[in-house]
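*Asks:* Provided below are the primary sequence and the corresponding predicted coordinates.
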2 protein chains.
Amino acid sequence: MNERDWHILKVLHEHKNITKTAQSLYISQPSLTKRIQQIEKEFNLKIVERGTRGVQFTPQGEYLAICADEMLIRLRQIKETAFNMGQEISGTLRLGVSNYITLHKLPGLLKLFRERFPKVDFHVTTGWSKEVLNLIYNEEVHVGIVRGTINGQDQGIIFLRKRFVLLPRKKSKSKTCLSCRGSIMGQMLF
Amino acid sequence: MNERDWHILKVLHEHKNITKTAQSLYISQPSLTKRIQQIEKEFNLKIVERGTRGVQFTPQGEYLAICADEMLIRLRQIKETAFNMGQEISGTLRLGVSNYITLHKLPGLLKLFRERFPKVDFHVTTGWSKEVLNLIYNEEVHVGIVRGTINGQDQGIIFLRKRFVLLPRKKSKSKTCLSCRGSIMGQMLF
DNA sequence: TAAAAATACTCCATAGGTATTTTAT
DNA sequence: ATAAAATACCTATGGAGTATTTTTA
């Protein structure tokens, strides 16, 4: 049972006539006849009663015709959604990453990221945490990744990005702390 | 995209390895490879990234794998429901039908009934309305069909069947009225 | 270098076609 | 007698197989 079969059921249900349906689908009447027989075999039931005036849907046939509408809609949704996901995220992601993270965590992170967004390229700048903050502030990178400690307690990996609402100061004196210079996007504890 | 294709996606998502999936499905690795390529062509997107460690699902692939579960469940439901509908109503329906109905309405009624319950055969006994009531009373027919009038006003076709709670009288003197001898099953006004 | 996927072929089942026959009104 | 469906038979595509090559960690 593929999409075409469901479509056949739908159109047949509209015409209640194999010959007309075949014309509608631009295939021959015998081909369609055979295909309907195949579908009936797959479900192991009779979909239509054949007569000289066309076909009459059995109760099971009626049910399947209703299901056909549902399936066709769902299949179209799935195709469109899946395809649109592909159009999605691509480009180059500029990262500022602290030395510690670069060494110990970045490879695994990039691998995971690659799996979810294979079309995204990376541009990685490394440095000390303070330098990463400046990269964020100067918008030289999209995302900063540092190992965060708050009150001396390790918070794991912290993702930073600049707050769009933050008014830029003329010159960074870089005595800044995370909470005012950037915003935490996400955090991975491990 | 047929049921097998969805199943392939599901199993592949579990194994994340074409070779293992092929074994699991008892088909060869090249066959499965080709089929996955076909599926990707049908959706016009990449489902998995191939590597030497197996495959990695793309976001679209992940989405389709989730859909695969849904579709497989739904397809199974549909098949079972449709098939069970077929097991339904069959046998012989014994009808007692008044002369008027037999002449003017029965052919159309039987045609409609046939469409919904093609496996049911009919046994029709005809007679005057009074005789139909007796057929019902004596359980010689399952259903009586008469043209009903109440207070001289035409009620259209009336379907009768015996009330199971009704205690049978020894001999019907047949001065009976509908409401005590049988029960009205349904009514068609026209 | 080894495991996994892809490719190159061969084979067969099935969707499609044309011509014709059967069926039921 | 006629319209509709079924059948017979042919072709081509796609699914499945075996043998082999390519790829990448």
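*Replies:* That came through fine. Residues are numbered from 1 along each chain as shown, chains lettered A, B, ... in the order given.
*Asks:* tell me the secondary structure at A:V55.
*Replies:* strand (DSSP: H, G, I helix; E, B strand; the rest coil).
*Asks:* what does A:L93 give?
*Replies:* Going by three-state DSSP: A:L93 is strand.
*Asks:* thought it was touching A:F122?
*Replies:* Yes: A:L93 is within contact range of A:F122, at 5.6 Å (criterion: CB atoms under 8 Å). Quick note: C-beta positions are derived from backbone N, CA and C, even for glycine.
*Asks:* more neighbours: these two, which one.
*Replies:* Using other CB atoms under 10 Å in any protein chain shown as the criterion, A:L93 and A:F122 rank with A:L93 on top: 17 against 13.
*Asks:* contacts only, for the more buried one.
*Replies:* A:L93 makes contact with A:V120, A:D121, A:F122, A:H123, A:H142, A:V143 under the criterion CB atoms under 8 Å, 6 or more residues apart in numbering or on different chains.
*Asks:* which of those residues sits closest to B:C67?
*Replies:* A:V120 (23.7 Å; CB to CB).
*Asks:* figure out the helix or strand that A:I158 lives in.
*Replies:* strand A:153-162 (DSSP states H and E).
*Asks:* avg pLDDT for that strand?
*Replies:* Per-residue pLDDT over strand A:153-162 has a mean of 72.
*Asks:* how about stretch A:3-14?
*Replies:* Mean predicted confidence for stretch A:3-14 is 90.
*Asks:* put the alpha carbons of it into PDB.
*Replies:* The C-alpha atoms that make up stretch A:3-14 are tabulated as PDB, following Å, rounded to 0.1, in the frame of the first residue of the first chain:
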ATOM      1  CA  GLU A   3       0.700   6.700  -1.700                       C
ATOM      2  CA  ARG A   4      -0.500   5.900  -5.300                       C
ATOM      3  CA  ASP A   5      -2.700   3.100  -4.000                       C
ATOM      4  CA  TRP A   6      -4.400   5.400  -1.500                       C
ATOM      5  CA  HIS A   7      -4.900   7.900  -4.300                       C
ATOM      6  CA  ILE A   8      -6.500   5.300  -6.500                       C
ATOM      7  CA  LEU A   9      -8.900   4.400  -3.700                       C
ATOM      8  CA  LYS A  10      -9.800   8.100  -3.300                       C
ATOM      9  CA  VAL A  11     -10.400   8.800  -6.900                       C
ATOM     10  CA  LEU A  12     -12.300   5.500  -7.400                       C
ATOM     11  CA  HIS A  13     -14.500   6.400  -4.500                       C
ATOM     12  CA  GLU A  14     -15.300   9.700  -6.200                       C
END
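*Asks:* just the buried residues of it, please?
*Replies:* A:E3, A:D5, A:W6, A:I8, A:L9, A:K10, A:V11, A:L12, A:H13 (16 or more other CB atoms under 10 Å in any protein chain shown).
*Asks:* from these, which ones fall inside helices?
*Replies:* Of the buried residues of stretch A:3-14, the ones assigned to helices by DSSP state H are A:E3, A:D5, A:W6, A:I8, A:L9, A:K10, A:V11, A:L12, A:H13.
*Asks:* got the phi and psi for A:N2?
*Replies:* phi -110, psi -180 (degrees, to the nearest 10).
*Asks:* and what of A:I47?
*Replies:* Torsion angles, degrees, to the nearest 10, at A:I47: phi -90, psi -40.
*Asks:* coming back round to it: restrict the buried residues of stretch A:3-14 to contacts with chain B.
*Replies:* Near chain B, judged by CB under 8 Å from any CB of the partner chain, the entries from these are A:E3.
*Asks:* make CSV from the buried residues of stretch A:3-14 and add distance to B:R114 to it.
*Replies:* Formatted as CSV, the buried residues of stretch A:3-14 follow (distance: CB to CB, whole Å):
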residue, distance to B:R114
A:E3, 32
A:D5, 26
A:W6, 26
A:I8, 24
A:L9, 21
A:K10, 24
A:V11, 24
A:L12, 19
A:H13, 18
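*Asks:* looking at the buried residues of stretch A:3-14, which is nearest DNA strand D?
*Replies:* A:L12 (8.5 Å; CB to the nearest atom of the strand).
*Asks:* is the residue lying closest to that closest one once chain neighbours are set aside in a helix, a strand, or coil?
*Replies:* Once flanking residues are discounted, A:L12 sits nearest to A:T21: 4.7 Å by CB to CB, 6 or more residues apart in numbering or on different chains. Three-state assignment for A:T21 (three-state DSSP): helix.
*Asks:* now for A:T21: which residues touch it?
*Replies:* Counted by CB under 8 Å, 6+ apart, A:T21 has contacts A:I8, A:V11, A:L12, A:E14, A:H15, A:L32.
*Asks:* burial count for the closest residue to DNA strand D within chain A?
*Replies:* Residue nearest to DNA strand D within chain A (CB to the nearest atom of the strand): A:P30, separated by 2.7 Å. Using other CB under 10 Å, A:P30 is surrounded by 10 other residues.
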